[in-house]
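J.: what would the 3D arrangement of this be:
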Amino acid sequence: MRTLIKNAWILTMDEQLTTYRNGMVLIEETRIAYVGEANATLLERADEVIDARGGILMPGMINTHAHVSMIPFRSLGDDCPDRLRRYLFPLENECMTASLVYHAAQYGILEMQQSGVTTFLDMYYFEEEVAKACEALGMRGVLGETVINFATCDTTAPYGGLAYGENFIKEWQGHELVTPIIAPHATNTNEAWALQAAHELAVKYDTLVTMHVAEMDYEMEEFRTNYQMTPIEYLDSIGVLSDRLIAAHCIHLNESDMKLMSEKQTRVAHCIGSNMKAGKGIAPVKEMVASGLAVGLGTDGPSSGNTLDLFTQMKTAVYAQKTHYKDRSLFKAEEIVKLATIGGAKVLRMEHEIGSLEVSKKADLVLIETDSLNMFPIHDPYSAIVYSANASNVDSVWINGRQVLKNKQSIFNQKHVKESLAKEMQTFGQRAIERAQAL
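T.: Below is the predicted model of the structure:
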C-alpha cells in the first residue's frame, strides 16, 4: 500500500528543522519513502492520494510519561492534598482489575490518537492488557509494569511487579508496536535491591527502566535525612542512574544532579500539567536542556493531569518556563515542538525510528488542519501549533503507516469503546465517589 499526502505544510523536525511549504510525503507500507517538495511523478506510484489542503503535516507526538488506564479516576478527588497516598493508591488496590485496565487503556489510546499522539510510555498494573489495547487499536506503546513496595491489584506481595514485569517483557519483546520495559514506581517506594533488580532486568533484556524521580517534597526530605543525598545521587550510588533510565518529573533537580544525569545520559519526562495542578513546582527545564539532557513531554495519568493531549502540555510548559524565568524569549516555539516530537523520541531511545519525518523512518504522522477560525492567520507554523492549536485541530493521524484518524473521525468504534468502559466502571464507581467525598 502506497499513500501519498500532497499540498502539505511539512515540518520534518529533522536536525535542520527542514520545512516544505507545499510538500509531499509518500508512505510505503509502514515507512516513509519520500518527503520533500511537490513531485508530480509520485502520483503515479501512489495507491491512495490524500489532499492536505495546506494543513500542517508533522511527526506524531510522543507522550513520554502516562498511566493511561487511570481514566476511570479522572475528576475524582482532584483537589485533595496528598492525593496519591490518601486516595489513589487505596482506590487502585480496591477497584482496579485486568478488564478495567484494558477498556480504560482503549479509551485513553483513542483520546491520544485524536490529539495527535502516536507513541506513549506507560507505567501501570496489568500492563499486558495495555499492550493488548495497543495491538487492537494500532498504537505504539512503550509499556512498563509497576514495581512497588506493597501488594497491588495485580500482585499478591510487595515487589511482585518484578516477576510480573519480566514475564511481560519476555512475552512482548520484538513486537511491531509494543516495547516492553520495567517501571519501579519511585525512588522512595522501592528499596535499593528492588531498584537494582529492575535495572538488571532492563540490561538483561536490552530495554528501558522508568520511575518517578525528584517529584515530591517528602521524597526529597527523606533522602536528605536518611542518606544525605538527593534522589539522583542515591540512584547513582546504587548503580541505577544510566542511559536506560527515563526519570519522570524531576522537579527538584540541582546543578550537580543534572551534571550526573548528563554524564550517565539519563533522560527526563517533563510533566508540567500534573506538576502545576498538584502545586509541586516548576522543573528547571532551561538548565536541563543547557546541560545536554534529553527532555520529552508527558501528560502523567489522566487522573493527575486530566488530559492525555500534548497541545496542553506544550502551552503550559512554555508559559511556565517563561514565567518562572521572567523571560519572554525563552524556549522558542520550534523548541517546544521538538520536545513533543524528536525530543520525546530521544527520551525513548527511538529517534532512529520515529520523531521526525525522514525517509526510512516509521510512518507516524499527524495532519493539523488550518481551516478552523483559531488557525488563521499562520505566519509561523511552530507558533501556530504551540500557541494557537488545540487537539480539535487534529485532522488525520497515521501510526506505522496505518491511518487511524481520518477527517477527525477514528477508524475504530469510539462509541463501543466508551460504552464498554462505562460498563466496567459500574463495578467500582459508587465506591470511588464515596471515597472521594470522604476526603
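J.: how about the contacts made by the residue nearest the centre of the chain?
T.: Within the chain, one residue has its C-alpha closest to the average C-alpha position: by Cα atoms, centre = their mean, that is Asn63, at 1.8 Å. By Cβ atoms under 8 Å, 6 or more residues apart in numbering, the contact set of Asn63 is Met112, Val117, Thr119, Phe120, Leu121, Leu297, Gly298, Thr299, Leu308, Leu310, Gly344. Using the backbone N, CA and C atoms, a C-beta is placed for each residue, glycine as well.
J.: would you turn those into a markdown table with pLDDT, distance to Ala98 and neighbour count?
T.: Formatted as a markdown table, the contacts of Asn63 follow (pLDDT from 0 to 100; distance: Cβ to Cβ, whole Å; neighbours: other Cβ atoms under 10 Å):
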| residue | pLDDT | distance to Ala98 | neighbour count |
| --- | --- | --- | --- |
| Met112 | 98 | 21 | 29 |
| Val117 | 98 | 24 | 32 |
| Thr119 | 98 | 24 | 29 |
| Phe120 | 98 | 20 | 29 |
| Leu121 | 98 | 20 | 27 |
| Leu297 | 98 | 29 | 29 |
| Gly298 | 98 | 24 | 30 |
| Thr299 | 98 | 23 | 31 |
| Leu308 | 97 | 21 | 29 |
| Leu310 | 98 | 28 | 31 |
| Gly344 | 98 | 28 | 34 |
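J.: just put these in CSV and tack on distance to Leu357 and secondary structure.
T.: Shown next, in CSV, are the contacts of Asn63 (distance: Cβ to Cβ, whole Å; DSSP: H, G, I helix; E, B strand; the rest coil):
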residue, distance to Leu357, secondary structure
Met112, 19, helix
Val117, 16, strand
Thr119, 14, strand
Phe120, 19, strand
Leu121, 21, strand
Leu297, 19, strand
Gly298, 22, coil
Thr299, 23, coil
Leu308, 23, coil
Leu310, 17, helix
Gly344, 15, helix
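J.: circling back to that earlier point, spell out the secondary structure type for the residue nearest to the centre of the chain.
T.: strand (DSSP: H, G, I helix; E, B strand; the rest coil).
J.: that one and Gly116, how far apart?
T.: Separation of Asn63 from Gly116 (Cβ to Cβ, to the nearest Å): 10 Å.
J.: common neighbours of the two, please.
T.: Joint contacts of Asn63 and Gly116 (Cβ under 8 Å, 6+ apart) are Leu310.
J.: just checking, Ile336 touches Ala317?
T.: Yes - Ile336 is within contact range of Ala317, at 6.4 Å (criterion: Cβ atoms under 8 Å).
J.: with neighbour numbers in mind, choose between the two.
T.: Between Ile336 and Ala317, counting by other Cβ atoms under 10 Å, Ala317 is the more crowded of the two (27 against 24).
J.: confirm that that one sits in a helix.
T.: Yes - Ala317: assigned to a helix according to three-state DSSP.
J.: for it, which non-adjacent residue is closest in space?
T.: Ile272 (4.4 Å; Cβ to Cβ, 6 or more residues apart in numbering).
J.: count of neighbours near the one you found?
T.: 27.
J.: right, and it touches Thr316 too?
T.: Yes - contact criterion Cβ under 8 Å: Ile272 and Thr316 qualify, at 4.8 Å.
J.: still on that earlier bit, and of the contacts of Asn63, the nearest to Thr225?
T.: Checking the contacts of Asn63 against Thr225 with Cβ to Cβ, the nearest one is Gly298 at 28.6 Å.
J.: packing partners for the helix or strand where Ser396 lies?
T.: Using DSSP states H and E, Ser396 falls within strand 394-399. Judged by 3 or more Cβ pairs under 8 Å, 6 or more residues apart in numbering; DSSP states H and E, strand 394-399 is in contact with strand 117-124, strand 365-368, strand 402-406.
J.: what's the closest of those strands to Tyr87?
T.: Between the helices and strands packed on strand 394-399, strand 117-124 lies closest to Tyr87; by Cβ to Cβ that is 16.5 Å.
J.: how big is the angle separating the closest one from strand 402-406?
T.: Counting by axes from the mean of the first three to the mean of the last three Cα atoms, to 10 degrees, strand 117-124 lies at 100 degrees to strand 402-406.
J.: hey, C-alpha coordinates of strand 117-124 in CSV?
T.: These are the backbone C-alpha positions of strand 117-124, laid out as CSV (Å, rounded to 0.1, in the frame of the first residue of the first chain):
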residue,chain,number,x,y,z
VAL,A,117,-0.1,11.4,20.0
THR,A,118,1.2,8.3,18.2
THR,A,119,3.5,6.9,20.9
PHE,A,120,3.2,6.8,24.6
LEU,A,121,5.2,5.5,27.6
ASP,A,122,3.0,3.9,30.2
MET,A,123,3.6,2.8,33.8
TYR,A,124,0.7,0.8,35.4
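J.: could you say what helices and strands that strand packs with?
T.: Contact here means 3+ Cβ pairs under 8 Å, 6+ apart; on that basis strand 117-124 packs against strand 61-66, helix 98-113, strand 140-147, strand 209-213, strand 394-399.
J.: ok, the last one: who's next to it in the sheet?
T.: Looking back up the chat, that one is strand 394-399. Its sheet considered, strand 394-399 pairs with strand 365-368 (antiparallel), strand 402-406 (antiparallel) by DSSP bridges.
J.: stretch 323-331: end-to-end distance?
T.: Counting by Cα to Cα, to the nearest Å, you get 11 Å between the two ends of stretch 323-331.
J.: what sits up against that stretch?
T.: Counting by Cβ under 8 Å, 6+ apart, Ile282, Val285, Lys286, Ala317, Val318, Gln321, Lys322 sit against stretch 323-331.
J.: ok, of those, which come out buried?
T.: Burial by neighbour count, 16 or more other Cβ atoms under 10 Å: within the contacts of stretch 323-331 this picks out Ile282, Val285, Lys286, Ala317, Val318, Gln321.
J.: surely the second one touches His270?
T.: Yes - between Val285 and His270 a contact is recorded at 5.8 Å, counting by Cβ under 8 Å.
J.: and for those two, which residues touch both?
T.: Listed as contacting both Val285 and His270 by Cβ under 8 Å, 6+ apart are Val295, Ala317.
J.: any stretches of the stretch 301-439 of the chain with poor pLDDT?
T.: For the stretch 301-439 of the chain, the stretches flagged by pLDDT under 70 are 428-433, 435-439.
J.: ok, and the closest non-adjacent residue to Ala105?
T.: That would be Ala133: by Cβ to Cβ, 6+ apart, it lies 3.7 Å from Ala105.
J.: tell me which strands and helices whichever strand or helix holds the one you found is in contact with?
T.: Assigned by DSSP H and E, Ala133 falls within helix 127-137. Judged by 3+ Cβ pairs under 8 Å, 6+ apart, the packing partners of helix 127-137 are helix 98-113, strand 140-147, helix 161-172, strand 178-184.
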